[in-house]
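Visitor: My questions are about this predicted structure, shown below with the sequence.
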Amino acid sequence: MAPDPAGFGPAAFDFATLRRFPDVEASNLFAVDASDRLILDEAAASLPAERLVVIEDRYGALTLGAAALFGATGIRVHQDALSGEAALARNAGELGLTDRYRSFPLGEDLLSGATLVLLQLPRSLAALDEIAAAIARFADPTVVVVAGGRLKHMTPAMNEVLARHFERLQVSPARQKSRVLRASGPLRATEQVSPDWPHVSRHDDLGLTVCAHGAAFAGTTIDIGTRYLLGFLDRMKPGAVRAIDLGCGTGVLAAALAQRRPELTMIASDQSAAAVASARATMIANGVADRVTVVRDDALGSQADASSELILLNPPFHIGSSVHAGIALKLFADAARVLRPGGELWTVWNTHLGYRPALTRLVGQTHQVDRNAKFTVTVSVRR
């Protein structure tokens with residue numbers, strides 16, 4: 001990258017200084033990869049853009065790279081993960097760049113009039129479809145999208161998704177196991193076409209309607225771990241008056257428990273913006289929005305100590321593309337903090353992960369409730 005006329009240049013910014021914190025940090029987890037650098041290189045001729053948008057910037061490499069290397073200002077940013085927002089804010093503070101960007105939900109305020117969009121490609125095709133549709137709908141007709149990712153996570157289907165929303169698509173040569181897709185010529189949906197998100201599906205066997213935005217885990221289906229845990233709702237902490245669905249996703253567990261036990265006041269919590277929007281729609285669709293409050297939170301950071309009698313959890317076992325226990329352990333520890341003495345944490349997990357010792361250590365006495373060919377359900381009682 002060559003320095004820009006304002007005097008910004010490669011020496012002014014060191015990608016290695018960026019951290020993932022407060023997300024999980026480990027020797028095999030990184031805040032930056034080659035795709036971040038490639039996206040910035042491929043967009044260099046258009047930077048600094050007057051109306052720049054950055055989407056799914058995991059820990060700030062794209063936003064802060066555009067600001068430090070090219071002098072970009074007024075950057076509008078959307079990150080689905082709250083931990084990503086927090087990491088970007090921390091990294092920006094360390095570099096004195098907090099005034100260069102603002103965070104927005106995915107939608108018109110983020111994308112109105114945008115002429116350049118830098119995008120870290122999401123793993124989910126549904127998430128990419130929702131993002132691409134929003135760009136095509138709200139951005140300037142001259143907008144160029146520079147979207148990149150690691151080759152091992154990219155598929156030809158991503159090209160097909162982008163081609164549904166843009167007239168032109170160019171594919172860059174691979175570099176350091178990364179590639180960029182450049183899309184332009186947004187195809188506007190007619191005003192008569194209503195927005196396609198969230199998707200909605202009725203599950204008559206469970207008496208539930210599930211709503212899902214593109215980046216929500218499992219979409220409008222009900223993943224098999226959650227479906228297994230649903231079978232134990234009636235056994236969970238009799239007499240409880242306050243419960244939490246931690247890592248709620250589309251809100252299936254919270255909606256089902258609220259339907260089954262109307263005496264409960266519930267919180268459904270997730271760090272994903274798409275999950276929170278999905279869960280709110282799910283609560284409305286199932287008539288329980290008056291008793292379930294959906295919050296976007298990093299674990300249970302906004303919840304008081306010893307404030308709940310019951311927590312339900314189907315923990316993720318991936319951090320990005322890496323199998324890692326860090327997020328589950330963080331959620332177990334925060335659940336222990338928020339549970340009242342004698343409160344119960346009900347967890348479903350892939351049996352091979354062997355979480356029972358960690359649950360006992362972090363929460364309290366843990367026993368197996370049931371087990372099938374793939375999953376184990378445990379209840380941990382807060383000591």
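Guide: Okay, I see it. This is a predicted model, so every value here is computed, not measured.
Visitor: Only C-alpha atoms from now on, for both contacts and neighbour counts.
Guide: Will do.
Visitor: Provide a complete list of residue ranges assigned to strands in the stretch 251-383 of the chain.
Guide: For the stretch 251-383 of the chain, the strands defined by DSSP state E, counting those that start in this stretch cover 265-270, 292-296, 308-313, 318-319, 322-323, 339-350, 366-371, 375-381.
Visitor: Rebuild those strands as TSV, extending it with mean pLDDT and mean neighbour count.
Guide: Converted to TSV, the strands of the stretch 251-383 of the chain look like this (pLDDT from 0 to 100; neighbours: other C-alpha atoms under 10 Å):
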stretch	mean pLDDT	mean neighbour count
strand 265-270	97	24
strand 292-296	98	22
strand 308-313	98	25
strand 318-319	50	14
strand 322-323	47	10
strand 339-350	98	23
strand 366-371	98	15
strand 375-381	98	23
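Visitor: closest to Gly113 out of these?
Guide: Ranking the strands of the stretch 251-383 of the chain by proximity to Gly113 (C-alpha to C-alpha) places strand 292-296 first, at 27.7 Å.
Visitor: Can you list the low-confidence ranges for the stretch 201-350 of the chain?
Guide: Under the criterion pLDDT under 70, the flagged ranges of the stretch 201-350 of the chain are 317-325.
Visitor: sorry, back to before: got the strands of the stretch 251-383 of the chain as JSON lines, with distance to Glu56 columns?
Guide: Converted to JSON lines, the strands of the stretch 251-383 of the chain look like this (distance: least, C-alpha to C-alpha, whole Å):
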{"stretch": "strand 265-270", "distance to Glu56": "17"}
{"stretch": "strand 292-296", "distance to Glu56": "17"}
{"stretch": "strand 308-313", "distance to Glu56": "25"}
{"stretch": "strand 318-319", "distance to Glu56": "15"}
{"stretch": "strand 322-323", "distance to Glu56": "17"}
{"stretch": "strand 339-350", "distance to Glu56": "28"}
{"stretch": "strand 366-371", "distance to Glu56": "37"}
{"stretch": "strand 375-381", "distance to Glu56": "31"}
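Visitor: so Ser307 makes contact with Leu339?
Guide: Yes. Contact criterion C-alpha atoms under 8 Å: Ser307 and Leu339 qualify, at 6.0 Å.
Visitor: quick check: mean pLDDT across stretch 133-142?
Guide: Mean per-residue pLDDT for stretch 133-142: 96.
Visitor: which parts of that stretch are buried?
Guide: Within stretch 133-142, the residues that qualify as buried are 133-141, counting by 16 or more other C-alpha atoms under 10 Å.
Visitor: can you pull the contacts of Ala134?
Guide: For Ala134, the contact set (C-alpha atoms under 8 Å, 6 or more residues apart in numbering) comprises 106-108, 111.
Visitor: Just those residues: which are in helices?
Guide: 108, 111 (DSSP state H).
Visitor: Are any of the contacts of Ala134 buried, and if so which?
Guide: Of those, these count as buried by 16+ other C-alpha under 10 Å: 106-107, 111.
Visitor: which among these gets closest to Glu167?
Guide: Leu111 (18.5 Å).
Visitor: Assess the claim that the closest one and Ala139 are in contact.
Guide: Yes. Using C-alpha under 8 Å, Leu111 is in contact with Ala139, at 5.2 Å.
Visitor: Can you pull out the residues in contact with stretch 87-96?
Guide: Stretch 87-96 has contacts (C-alpha under 8 Å, 6+ apart) with 18-23, 58-60, 64, 98.
Visitor: average pLDDT for it?
Guide: Mean predicted lDDT for stretch 87-96 stands at 96.
Visitor: gap between that stretch and the chain center?
Guide: 20 Å (C-alpha atoms, centre = their mean, to the nearest Å).
Visitor: for stretch 99-114, same thing?
Guide: 17 Å.
Visitor: got the end-to-end distance for that stretch?
Guide: 19 Å (C-alpha to C-alpha, to the nearest Å).
Visitor: In which helix or strand does Cys248 reside?
Guide: Here Cys248, judged by DSSP states H and E, is contained in no helix and no strand.
Visitor: How much space separates it from Arg280?
Guide: 11 Å.
Visitor: When the two are compared, which one has more neighbours?
Guide: Legend: neighbour count by other C-alpha atoms under 10 Å for Cys248 and Arg280, higher for Cys248 (31 against 22).
Visitor: show me what contacts that one?
Guide: So Cys248 contacts 254, 268-270, 275, 279, 313 (C-alpha under 8 Å, 6+ apart).
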